[in-house]
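K.L.:
I would like to see how this sequence folds:
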Amino acid sequence: MAKYNFNPKKEKVKTLSYRNSVTPPIVEEIARKIIQKLMIEQKYRDPKYSAKRLANDIGVNMRHISAVINIRFQQNYAQLVGKMRIYEAKYILQDSHFDNMTMEDIAINVGFTTRQSFYAAFYRQCGMTPREYKLTHKGELVDDEE
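P.N.:
Below you'll find the model as predicted:
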């Protein structure tokens with residue numbers, strides 16, 4: 001009988017050295033720049049605006065962008081941008097000034113490429129479809145705790 005050399009697979013321990021290289025003051029400075037670009041300049045509305053473009057725009061390494069978003073916002077880039085888009089969509093759905101907009105118009109306006117991706121993201125975050133949300137929350141203020 002042949003002898004096989006089976007070595008148990010050792011688990012690799014991931015060390016996130018780039019997370020360790022960002023100090024709290026650096027985290028806050030980069031977070032401020034991220035908020036400036038994404039929220040104030042509303043780059044989240046651009047479906048082609050990526051974490052790489054964000055890193056280039058604010059002049060930092062992409063790994064630092066990832067680390068700061070993870071540390072400061074406890075999520076990844078896609079989740080952060082998705083939440084911003086859904087937050088604005090909720091505002092639009094509640095405001096009667098936007099009643100003439102279709103769901104597809106709203107989706108594209110806030111940065112989704114298709115109505116289907118908008119519905120999926122909205123349902124995942126809010127537990128209901130945009131239409132259900134509109135019918136149940138008309139005229140209310142957006143609750144950022146959802």
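
K.L.:
any regions of this structure where pLDDT drops low?
P.N.:
Counting by pLDDT under 70, the chain shows low-confidence ranges at 1-20, 141-146.

K.L.:
can we see that at 90?
P.N.:
1-23, 137-146 (pLDDT under 90).

K.L.:
can you pull out the helices in it?
P.N.:
Using DSSP state H, the helices of the chain run over 17-20, 24-35, 51-58, 62-73, 77-94, 103-110, 115-126, 130-137.

K.L.:
only the buried residues of the last one, if you could.
P.N.:
For helix 130-137, the buried set under the neighbour-count rule, 16 or more other C-beta atoms under 10 Å, comprises 130, 133-134, 137. (C-beta placed from N, C-alpha, C; glycine too.)

K.L.:
JSON lines for those residues, including distance to Ala89?
P.N.:
Formatted as JSON lines, the buried residues of helix 130-137 follow (distance: C-beta to C-beta, whole Å):
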{"residue": "Pro130", "distance to Ala89": "7"}
{"residue": "Tyr133", "distance to Ala89": "9"}
{"residue": "Lys134", "distance to Ala89": "10"}
{"residue": "His137", "distance to Ala89": "12"}
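
K.L.:
state the distance from Pro130 to Asp95.
P.N.:
From Pro130 over to Asp95 the distance is 13 Å, taken as C-beta to C-beta, to the nearest Å.

K.L.:
scratch that, Ile26 is what I was asking about
P.N.:
Per C-beta to C-beta, Ile26 is found 38 Å from Asp95.

K.L.:
same question for Thr114.
P.N.:
Thr114 is 23 Å from Asp95, where distance means C-beta to C-beta.

K.L.:
what of Met128?
P.N.:
18 Å.

K.L.:
one more: Ser117?
P.N.:
From Ser117 over to Asp95 the distance is 22 Å, taken as C-beta to C-beta.

K.L.:
over to Gly59?
P.N.:
36 Å.

K.L.:
which one of the buried residues of helix 130-137 sits closest to Lys52?
P.N.:
Pro130 (29.2 Å; C-beta to C-beta).

K.L.:
excluding its backbone neighbours, what's nearest the closest one?
P.N.:
Distances taken as C-beta to C-beta, 6 or more residues apart in numbering put Phe122 closest to Pro130, at 4.9 Å, once the chain neighbours are dropped.
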